[in-house]
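Chemist: have a look; sequence and predicted model below, questions after that.
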Amino acid sequence: MSLLHLPADTSPDTLSAALREEGYAIIDELVPPGLMDRIEAEMNPHIEVTPYGGDAFVGKATRRTGSMIARSAAARELVMNPLAIGTAEKFLGHASTFQLHLTQIISVYPGSPAQPLHQDQLAWDFFPFPDDYHVQCNILWAMSDYTEEMGATRVVPGSQYKGRNQTFTQAESLPAEMKRGSALFYTGKVYHGAGANVSDRIRQAINITYAVGWLRQEENQYLSTPLELARTLPEDLLHVMGYRMGCFAMGYVRDFEDPMVIIREPERRAAFGIEMTQKNATTDSALSGMVDHLHKTSA
């Protein structure tokens, strides 16, 4: 048995459906190796000084290097990859918005043992999210080749609706083997974990995760990226980073204003309200439904 692989021209609709049914999908060679070369060159100085993990879960022979928006211009291209953004928007479309949850290079060094198999949605204080409510769209981009011997991420097929606190053996999981530039998409509910690196090579993945807009981000994007740099970034990237309302009344600044006013002062100040939410809801059915509810309850 092998894991599900899909071609690079897969649509967001097809990929979103695979995530709901399977809990994961591997998209083969989604970006060229040259993009990985650029990210590697920009991030290597930071990787070299990143401390190793402090326990077996994060990996005592594993380095986790973040702040990729600030440190790597090339990494911003991965964050805004059309298939990644389109799939996150589709898969997390039951929420008013989605946001960037974290950016991180995971370097698993030779000799690192297998990580315990787990669900990523445990990050929110182990909250018991309903099985039919997804809060994450996760991606592990293969920055190096991904082989079983190097510790390729292992996935337990069919595990995403088994519930919380389940225990699976390594034998029940399969390695997500893929070439450099490929991407493993997976949900916050599917059980997975880094494999044991029994090779003499470092296994590297770029973890870029998106989450529903009303939850706190794992990586604090507002502190990880200095405001001076944020003000130079394109608006669509800033929105994904969280410089927008997460939903009605969530994430405002100053006098109930849109957080983008901190980046660029508008010509005319205006408080965020139901009508402004309605304006932003024209292409978002979830947000539109929320606005309809707000109109009824405020009448």
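Modeler: Perfect, thanks for sending it.
Chemist: residues contacting the residue nearest to Val198 when sequence neighbours are not counted?
Modeler: Leaving out its chain neighbours, the residue that sits closest to Val198 by C-beta to C-beta, 6 or more residues apart in numbering is Glu149, at 5.5 Å. Yep, even glycine has a C-beta here, placed from its N, CA and C like the rest. Neighbour list for Glu149: Asn197, Val198, Ser199 [criterion: C-beta atoms under 8 Å, 6 or more residues apart in numbering].
Chemist: in what helix or strand does the residue most central in space within the chain lie?
Modeler: Per C-alpha atoms, centre = their mean, the C-alpha nearest to the average position across the chain is that of Thr209, at 0.5 Å. Assigned by DSSP states H and E, Thr209 belongs to strand 203-212.
Chemist: and the contacts of Glu149, which are buried?
Modeler: Among the contacts of Glu149, the ones that count as buried by 16 or more other C-beta atoms under 10 Å are Asn197.
Chemist: what about the contacts of Glu149, which are in helices?
Modeler: Using DSSP state H, no member of the contacts of Glu149 falls within helices.
Chemist: just give me the closest of the contacts of Glu149 to Tyr222.
Modeler: Taking C-beta to C-beta as the measure, Tyr222 sits nearest to Asn197 out of the contacts of Glu149, at 34.0 Å.
Chemist: for the residue nearest to the centre of the chain, give the beta-bridge partners.
Modeler: Leu102, Asn138 (DSSP bridges).
Chemist: so what's it up against?
Modeler: Contacts of Thr209 by C-beta under 8 Å, 6+ apart are Leu100, His101, Leu102, Asp120, Gln136, Cys137, Asn138, Ile139, Glu218.
Chemist: counting neighbours, what do you get for the second one?
Modeler: Right, the one you point to is His101. Other residues within reach of His101 by the criterion other C-beta atoms under 10 Å amount to 26.
Chemist: contacting residues around the closest residue to Glu40 other than its chain neighbours?
Modeler: Counting by C-beta to C-beta, 6+ apart, Met143 is the residue found nearest to Glu40 once chain neighbours are left out, at 6.6 Å. By C-beta under 8 Å, 6+ apart, Met143 lies in contact with Met36, Ile39, Glu40, Ile105, Arg180, Gln204, Ala205, Ile206.
Chemist: so the residue nearest to the centre of the chain versus Ala142, what's the distance?
Modeler: 16 Å (C-beta to C-beta, to the nearest Å).
Chemist: check Ile263 too.
Modeler: On the measure of C-beta to C-beta, Ile263 and Ala142 end up 33 Å apart.
Chemist: kindly report the same for Gly193.
Modeler: 16 Å.
Chemist: who has more neighbours out of these two?
Modeler: Set Gly193 next to Ala142 and count neighbours by other C-beta under 10 Å: Ala142 wins out with 29 against 18.
Chemist: look at the residue lying closest to Glu219 once chain neighbours are set aside and say how many residues are nearby.
Modeler: Of all residues not flanking Glu219 in the chain, Leu102 sits nearest, at 3.9 Å (C-beta to C-beta, 6+ apart). Counted with other C-beta under 10 Å, residues neighbouring Leu102 total 22.
Chemist: tell me who's in contact with Lys179.
Modeler: Contacts of Lys179 by C-beta under 8 Å, 6+ apart are Asp28, Glu29, Ala142, Asp145, Tyr146.
Chemist: okay, it: pLDDT?
Modeler: Note on Lys179: pLDDT of 98.
Chemist: sorry, back to before: tell me the contacts of the residue nearest to Glu219?
Modeler: Gly66, Asn207, Ile208, Thr209, Gln217, Glu218, Glu219.
Chemist: can you tell me which of those comes closest to Gly23?
Modeler: Thr209 (14.7 Å).
Chemist: quick one: that closest one from Ala25, how far?
Modeler: 15 Å.
Chemist: who's in contact with the residue nearest to Ala211 when sequence neighbours are not counted?
Modeler: The shortest distance from Ala211 to any non-neighbouring residue, by C-beta to C-beta, 6+ apart, is to His101 (3.9 Å). Neighbouring residues of His101 by C-beta under 8 Å, 6+ apart: Gln136, Thr209, Tyr210, Ala211, Gln217, Glu218, Glu219.
Chemist: that's all I had, so thanks and see you.
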